[in-house]
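[1] Show me how the following folds:
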Amino acid sequence: MSDIKYFIGPMTKNVVDAIIEFSNETGELIGLIPSRRQIEHDGGYVYNWSTVDFKDYVKSRNANIILCRDHAGPGQGDIEDDGYESLKTDCHTMDMIHIDPWKRVTTIKAAAEKTCLMIASCYRSNPEMVYEIGTEESIFQYQADELNNFISLVKQGTTPEEFNQIRYVVIQSGTSLKGNLNTGQYDKKRLLEMIQVANKWSLLSKEHNGDYIPVDLIKEKMSLGLTSINIAPEFGQIETKVYLDKIKKDSKLFGKLYEICYISNRWQKWVDKKFDPEKNKEQLINICGHYIVSNLKFVTEIKNKFRNIDDEIKIEIRKKLYELYR
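    Reported below is the predicted structural model:
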């Protein structure tokens with residue numbers, strides 16, 4: 001897994017297909033990081049894939065792609081739960097699980113305790129499963145010393161066998177998403193301190209929210225020791241932009257796309273309370289267009305009007321992949 005530079009969110013079926021094709025052609029190792037809302041044991045918004053269906057689809061086309069459950073834990077699904085029902089399936093379908101109880105804790109100690117409980121539960125189900133621990137700063141911000149304390153507490157709260165299954169730790173150096181922007185402030189010193197902590201514990205360093213930042217900056221971070229980075233919404237926006245470019249001048253189709261996106265309510269988590277949908281229709285579509293591409297109304301009233309559009313979308317996604325791996 002140390003050879004994987006990029007873990008990418010399977011925002012749409014086209015994103016998944018483009019990654020499979022790119023990896024098959026180039027031999028590059030890539031990770032896919034489905035969130036619980038995207039792909040879940042009982043289906044998600046991405047092509048209505050269940051976790052098992054998703055695994056079967058990807059692995060039958062490229063067995064080398066690594067599947068990592070992103071943000072496994074409470075408060076991460078479409079309904080409020082403790083996350084354990086989802087874990088039962090993940091333990092036997094994913095290659096790695098990101099253990100993330102951080103939405104429901106207020107201290108480093110509590111995060112460590114819940115992380116240990118989740119790992120213990122997974123270990124009983126599948127002793128071979130490997131893990132990523134920690135979280136992104138938009139959920140719970142920590143500094144290098146706090147990260148070190150967190151890992152120490154996790155080591156104390158797990159058996160040696162369980163702790164040895166941890167591969168990655170989430171480091172933070174100033175990435176955070178709002179709408180279609182990365183609103184974080186990069187802190188090189190903080191990055192180096194975090195990487196040092198990861199190295200101390202013999203863990204691979206992984207950063208989240210690598211969207212909408214220059215590729216050169218990502219490569220600089222990796223040259224400083226960062227092992228890998230997650231990129232997700234940006235790939236979904238690539239697909240949305242293809243549709244927008246085609247229908248911007250068609251007020252009727254644009255209105256339909258806006259209506260479908262608006263009704264979905266998927267845009268709400270990405271904007272602040274001052275956001276005015278009526279005054280920012282294109283921005284709203286850009287934010288959440290990828291959520292609705294499997295929506296039946298979208299398919300019948302918009303997508304079906306454009307022949308071979310999936311091929312066009314995959315070409316644009318592959319351009320981004322080649323930029324990252326050049």
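[2] residues of stretch 87-105 that come out buried?
    Using 16 or more other Cβ atoms under 10 Å as the test for burial, stretch 87-105 gives 87, 89-91, 93-102, 104-105. All C-beta atoms are positioned from the backbone trio N, CA, C, and that covers glycine.
[3] show me where pLDDT drops low in the stretch 1-150 of the chain?
    Counting by pLDDT under 70, the stretch 1-150 of the chain contains no low-confidence residues.
[4] Among the buried residues of stretch 87-105, find me the one that's closest to Glu162.
    The nearest member of those to Glu162, counting by Cβ to Cβ, is Ile99 at 10.9 Å.
[5] From Leu321, how far off is the closest one?
    Here Ile99 is placed at a distance of 28 Å from Leu321 (Cβ to Cβ, to the nearest Å).
[6] In strands only, show me the buried residues of stretch 87-105.
    Taking DSSP state E, the ones among these that sit in strands are 96-99.
[7] Could you identify the most distant pair in those?
    For those, the farthest-apart pair by Cβ to Cβ is Met96 and Ile99; their separation is 10.0 Å.
[8] Pull up the overlap in contacts between the two.
    Applying Cβ atoms under 8 Å, 6 or more residues apart in numbering, one finds that Met96 and Ile99 are jointly contacted by 131-132.
[9] out of the ones in strands among the buried residues of stretch 87-105, who's nearest Thr26?
    The closest of these to Thr26 turns out to be Met96 (Cβ to Cβ; 21.8 Å).
[10] Can you pull the phi and psi angles for the closest residue to that closest one other than its chain neighbours?
    Excluding the flanking residues, the one nearest Met96 by Cβ to Cβ, 6 or more residues apart in numbering is Cys68, at 4.2 Å. Note on Cys68: backbone dihedrals following degrees, to the nearest 10 are phi -120, psi 120.
[11] where's Cys68 relative to Leu32, distance?
    In this view, Cys68 and Leu32 are 7 Å apart by Cβ to Cβ.
[12] Tell me which of the two has more neighbours.
    Taking neighbours as other Cβ atoms under 10 Å, Cys68 and Leu32 compare with Leu32 leading, 28 against 25.
[13] so how many other residues sit close to the closest residue to the more buried one other than its chain neighbours?
    Spatial nearest neighbour of Leu32, excluding adjacent residues (Cβ to Cβ, 6+ apart): Pro10 at 5.0 Å. Pro10: 28 surrounding residues under other Cβ under 10 Å.
[14] model confidence over stretch 314-326, on average?
    Stretch 314-326 comes out with an average pLDDT of 96.
[15] can you give me the helices in the chain?
    13-26, 51-61, 84-90, 108-125, 144-157, 160-163, 188-200, 215-223, 233-247, 251-264, 281-288, 296-301, 309-325 (DSSP state H).
[16] Tell me the helices and strands packed up against the third one.
    The reference is to helix 84-90. Packing partners of helix 84-90 (3 or more Cβ pairs under 8 Å, 6 or more residues apart in numbering; DSSP states H and E): helix 51-61, strand 66-72, helix 108-125.
[17] Make CSV out of these and add distance to Val197.
    Below are these laid out as CSV (distance: least, Cβ to Cβ, whole Å):
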stretch, distance to Val197
helix 51-61, 32
strand 66-72, 21
helix 108-125, 13
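[18] Name the nearest of the buried residues of stretch 87-105 relative to Ser202.
    The closest of the buried residues of stretch 87-105, once distances to Ser202 are taken by Cβ to Cβ, is Met96, at 16.3 Å.
[19] from what I can see that closest one touches Tyr131, true?
    Yes. Between Met96 and Tyr131 there is a contact under Cβ atoms under 8 Å: 6.6 Å.
[20] Now do the shared contacts for these two.
    Here Met96 and Tyr131 have 167-168 as joint contacts, going by Cβ under 8 Å, 6+ apart.
[21] and Pro214, how many residues sit next to it?
    Each residue near Pro214 was counted by other Cβ under 10 Å, and the total is 9.
[22] and it, how far is that from Val46?
    Look at Pro214 and Val46: by Cβ to Cβ, they are 27 Å apart.
[23] for Asp272, same thing?
    26 Å.
[24] between those two, who's got more neighbours?
    Val46 (25 against 7).
[25] residues contacting that one?
    Taking Cβ under 8 Å, 6+ apart as the contact definition, Val46 lies against 10-13, 16, 34, 38-39, 54, 294.
[26] mind running it again at 7 Å?
    Counting by Cβ atoms under 7 Å, 6 or more residues apart in numbering, Val46 makes contact with 10-13, 38-39, 294.
[27] Confirm for me that the residue nearest to Leu32 is in contact with Pro34.
    Yes. Contact criterion Cβ atoms under 7 Å: Pro10 and Pro34 qualify, at 5.2 Å.
[28] related to what we said a few turns ago, so can I have a markdown table of the ones in strands among the buried residues of stretch 87-105 showing distance to Ala63?
    Listed next are those as a markdown table, based on distance: Cβ to Cβ, whole Å:
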| residue | distance to Ala63 |
| --- | --- |
| Met96 | 15 |
| Ile97 | 19 |
| His98 | 21 |
| Ile99 | 25 |
